[in-house]
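Undergrad: sequence and predicted structure, then a few things I'm wondering about:
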Amino acid sequence: MATRGYFFSRATAEATSTATAFTNTATLSFTPSDNQSYALFWSCMGQHDDVTTDLLVDFLHNTNSATIGSINVEPRDSTSYFSFGGLGIATFATATGAHTFNIRLGNETATTASRVKDHGITALMLSTGDQFRESVSAVTTTSTAAYQTVATFSFTPSATGDYLVLAYADWAAGATAGLVSSNIRLQGGGTATFYGVATNSDNDNTTFRSWETGVRVAMTTTQWDFSIDAFGATTSLTKTRNHRFVALRFDGFELVDYAEDLSTITVTTTSSATAVSLSATTSAREYLVLGHTLAEAGTNVIDSVGEFLEDGVVVLSSNEEPPASNQQRTIFTNYTKSFTAGTHTFRWSVYGESAANFYRMDESVIALFDLEGTAAAAGTIIPQIMESYRRRRLY
């Protein structure tokens, strides 16, 4: 099988805007192969100077004028840097020409400034062994006591193998300071396992955040059922939209390095503490790096800090003072890079603004995909899958 097609754009510099109209801050343009589907990964960090108006970020398929993800956040702390990003899917017909995708920045009002940095956009051609589904329509839950399914994804693998299953949605509370919770549920073999369980409230009931999760699943040739579930507390209901799933089959790549720790790490330190790490031996090739975690603070007046590091250098740092204590936010990174041959290390870490409080990191995942190697046939066991695990969370 030939190397699969991919395209990427990466911009670490910070962009600033005081305009209400959207400004392009990162761009990816490419000509897709005919009759092919692509997974679109996008991520950035955002900050807003005002705690009474919204920072606006979206990811746009400019050629088709289609919004893939749309986020607006009214921060509690004007020094916070939020993690935005997630998952898109695009299917192209024959001879469609070049297509352009943009991360864009805007403001609710023109009286304050917003900033974004650490942009990453990757378009990865999906192979015959991969699976995907999207349901973009908005859904409002009706239950205040139990999770409701807002999007589903089912498929039967043609052969036993490992998949990285990713899910994405925009999500919001239905009332001011209302509790909102969303999770991806992985089911198979008669068991129910839940990942990406996040609880959050915001200052503004029109706020939409990005929610994303990903985890490795070892699948057999039976039907596997996945869902995004959500519910709100008694003071609000939950709104979700732009639901998407992608399952990347590991043996569609020559090499996959993967590490996860789905347990919770709790610290009271102001210096970096590792939640999960990955040591990978790479060739001189281009690799896709995907990372996901959840972070929270024990109080709503102090920042928790979640960082992703490559070879000891901080790639992104997300610090946020949450609207309420013990609420989780998702942090997501994606970037494609040409690595030198040798050993490279990646890790998620957590710490806080003050040692007087506790900080948590949960469900931390790192995946490294060789994009230039030759893929195996479906069902082939790849000995080069390097992995590190700790216990899986069951809910």
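TA: That came through fine.
Undergrad: please name the bridge partners of residue 293.
TA: Residue 293 has these beta-bridge partners by DSSP bridges: residue 331.
Undergrad: I'd say it and residue 365 touch.
TA: Yes. Shown here, residue 293 and residue 365 form a contact pair, counting by Cβ atoms under 8 Å, at 7.1 Å. All C-beta spots, glycine's among them, are computed from the backbone N, C-alpha and C.
Undergrad: shared neighbours, those two?
TA: Residues touching both residue 293 and residue 365 (Cβ atoms under 8 Å, 6 or more residues apart in numbering) are residue 276.
Undergrad: residue 325 in helix, strand or coil?
TA: coil (DSSP: H, G, I helix; E, B strand; the rest coil).
Undergrad: neighbour-wise, which of residue 293 and residue 365 wins?
TA: Under the criterion of other Cβ atoms under 10 Å, the comparison of residue 293 against residue 365 puts residue 293 first, with 29 against 25.
Undergrad: so how far is residue 150 from that one?
TA: Residue 293 sits 23 Å away from residue 150, taking Cβ to Cβ, to the nearest Å as the criterion.
Undergrad: for residue 348, same thing?
TA: Using Cβ to Cβ, residue 348 is found at 27 Å from residue 150.
Undergrad: between these two, which is the more surrounded one?
TA: residue 348 (29 against 24).
Undergrad: where does that one land on pLDDT?
TA: We have a pLDDT of 98 for residue 348.
Undergrad: list phi and psi for it.
TA: For residue 348, the backbone dihedrals are phi -100, psi 140 (criterion: degrees, to the nearest 10).
Undergrad: ok, it touching residue 278?
TA: No. Residue 348 lies out of contact with residue 278 (Cβ under 8 Å); the separation is 9.4 Å.
Undergrad: now list whatever residues contact both of the two.
TA: Both residue 348 and residue 278 are in contact with residue 366, where contact means Cβ under 8 Å, 6+ apart.
Undergrad: quote the end-to-end distance of stretch 95-109.
TA: One end of stretch 95-109 to the other measures 41 Å (Cα to Cα, to the nearest Å).
Undergrad: list the buried residues of it.
TA: By 16 or more other Cβ atoms under 10 Å, the buried positions in stretch 95-109 come out as 99, 101-108.
Undergrad: go ahead and measure how far that stretch is from the middle of the chain.
TA: In terms of Cα atoms, centre = their mean, to the nearest Å, the centre of stretch 95-109 is found 19 Å from the chain centre.
Undergrad: for this structure, give me the ranges with low pLDDT.
TA: 1-3, 173-192, 200-205, 233-236, 323-324, 375-395 (pLDDT under 70).
Undergrad: now do the domain split for it, please.
TA: Per automatic domain parsing, the structural domains of the chain span 6-125, 131-250, 254-388.
Undergrad: tell me which element residue 217 falls in.
TA: Assigning secondary structure by DSSP states H and E places residue 217 in strand 209-219.
Undergrad: pairing partners for that strand, with directions?
TA: Here, using DSSP bridges, strand 209-219 pairs with strand 161-173 (antiparallel).
Undergrad: ranges for the strands of the stretch 251-395 of the chain?
TA: Assigned by DSSP state E, counting those that start in this stretch, the strands in the stretch 251-395 of the chain fall at 256-267, 273-282, 286-297, 304-310, 313-320, 329-338, 342-352, 359-370, 386-388.
Undergrad: circling back to that earlier point, list the buried residues for the strand holding residue 217?
TA: Under 16+ other Cβ under 10 Å, the buried positions of strand 209-219 are 209-217, 219.
Undergrad: what of stretch 43-56?
TA: Within stretch 43-56, the residues scored as buried using 16+ other Cβ under 10 Å are 43-50, 53-56.
Undergrad: measure it end to end?
TA: 14 Å.
Undergrad: picking up where we left off before, need the strands of the stretch 251-395 of the chain in CSV with distance to residue 75, can you?
TA: Output for those, formatted as CSV (distance: least, Cβ to Cβ, whole Å):
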stretch, distance to residue 75
strand 256-267, 24
strand 273-282, 24
strand 286-297, 14
strand 304-310, 14
strand 313-320, 8
strand 329-338, 12
strand 342-352, 18
strand 359-370, 18
strand 386-388, 34
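Undergrad: tell me which of those strands lies nearest to residue 118.
TA: With Cβ to Cβ as the measure, strand 313-320 is the member of the strands of the stretch 251-395 of the chain nearest residue 118 (4.9 Å).
Undergrad: and which of the buried residues of stretch 95-109 is nearest to residue 12?
TA: residue 103 (12.8 Å).
Undergrad: so which elements touch the helix or strand in which that closest one is found?
TA: Under the criterion of DSSP H and E, residue 103 resides in strand 99-107. With contacts taken as 3 or more Cβ pairs under 8 Å, 6 or more residues apart in numbering; DSSP states H and E, strand 99-107 sits against strand 15-17, strand 23-30, strand 36-48, strand 55-61, strand 82-92, strand 114-125.
Undergrad: for the ones you listed, which one sits closest to residue 136?
TA: So among those, strand 82-92 is nearest, using Cβ to Cβ, at 9.7 Å.
Undergrad: neighbouring strands - and their directions - for that closest one?
TA: The pairing partners recorded for strand 82-92 under DSSP bridges are strand 36-48 (antiparallel).
Undergrad: centre of the chain to the strand it pairs with, how far?
TA: Relative to the chain's own centre, strand 36-48 is displaced by 8 Å; criterion: Cα atoms, centre = their mean.
Undergrad: relative to strand 329-338, how tilted is it?
TA: Strand 36-48 runs at 120 degrees relative to strand 329-338, counting by axes from the mean of the first three to the mean of the last three Cα atoms, to 10 degrees.
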